[in-house]
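**Student:** Have a look at this prediction, sequence included:
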Amino acid sequence: MNKAVFLDRDGVINEDFGYVYKKEDFVFKEGIFELLRHFQSQGYKLFIITNQSGIARGYYTTEDFWELMEWVKDKFSKEGITIDDIAFCPCHPEFTSTCECRKPNPKMILDLARKYDINLSQSILIGDKQSDIQAAKNAGITKTYLIKDKLDGIIK
């Protein structure tokens, strides 16, 4: 079985300016490249799991989201980092019906774990909201990091 790091996007990978969907608005968090290179060198698969309610709100489309994420994956690749997969939830209960994928529900994590044969007890989740941490716990991930502003202290 594989081990993985599950990463929230906004607030962990990039600065959270609210409903970021254009590359000109995407600012990578300081230290994210070093952090992901570290985990990758330790044999972790890297996954992005992100709630994207801006789609449900009509601020941008699924195509806009994927266009940005392809650009993000390319930037990581140029830094020697492979993002193994991305899962996202386009829903929001105020604009769509309730769903199984929106964090704190664990569906995005569990789906990726099945697809990539991930041992969740050996995996990590890094998030910036309590709903990220709860999704990890709901999926059986016990090692989590709740970051506030900076990525300091994750690599020891």
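**Tutor:** Right, received. Where do you want to start? Residues are numbered from 1 along each chain as shown.

**Student:** okay, CA-based contacts and neighbour counts for the rest of this
**Tutor:** Fine.

**Student:** Confidence-wise, which helix or strand of the chain is lowest on average?
**Tutor:** Of all helical and strand segments in the chain, the minimum by mean pLDDT, DSSP states H and E falls on helix 53-56, at a mean of 92.

**Student:** Let me know the next secondary structure element after it.
**Tutor:** Next helix or strand after helix 53-56 toward the C-terminus (DSSP states H and E): helix 62-78.

**Student:** residues of that following helix that come out buried?
**Tutor:** By neighbour count with 16 or more other Cα atoms under 10 Å, helix 62-78 contains the buried residues Thr62, Phe65, Leu68, Met69, Val72, Lys73, Phe76.

**Student:** which element follows it toward the C-terminus?
**Tutor:** As assigned by DSSP H and E, the chain's next helix or strand after helix 62-78 is strand 85-89.

**Student:** element containing Gly153?
**Tutor:** Under DSSP H and E, no helix or strand contains Gly153.

**Student:** Could you tell me how many residues sit around Cys101?
**Tutor:** 22 (other Cα atoms under 10 Å).

**Student:** Pull the contacting residues for it.
**Tutor:** By Cα atoms under 8 Å, 6 or more residues apart in numbering, the contact set of Cys101 is Phe88, Cys89, Lys107, Met108.

**Student:** can you redo those residues as CSV with neighbour count and pLDDT?
**Tutor:** Formatted as CSV, these follow (neighbours: other Cα atoms under 10 Å; pLDDT from 0 to 100):
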residue, neighbour count, pLDDT
Phe88, 20, 97
Cys89, 19, 95
Lys107, 19, 97
Met108, 25, 98
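
**Student:** and of the residues you listed, the nearest to Phe6?
**Tutor:** Met108 (9.8 Å; Cα to Cα).

**Student:** show me what contacts that closest one?
**Tutor:** Per Cα under 8 Å, 6+ apart, neighbours of Met108: Ile49, Ala87, Phe88, Cys89, Cys101, Arg102.

**Student:** So what pairs up with the second one in the strands?
**Tutor:** In other words, Ala87. Ile49 (DSSP bridges).

**Student:** check contacts around it.
**Tutor:** Contact partners of Ala87, counting by Cα under 8 Å, 6+ apart, are Phe47, Ile48, Ile49, Thr50, Met108, Leu112.
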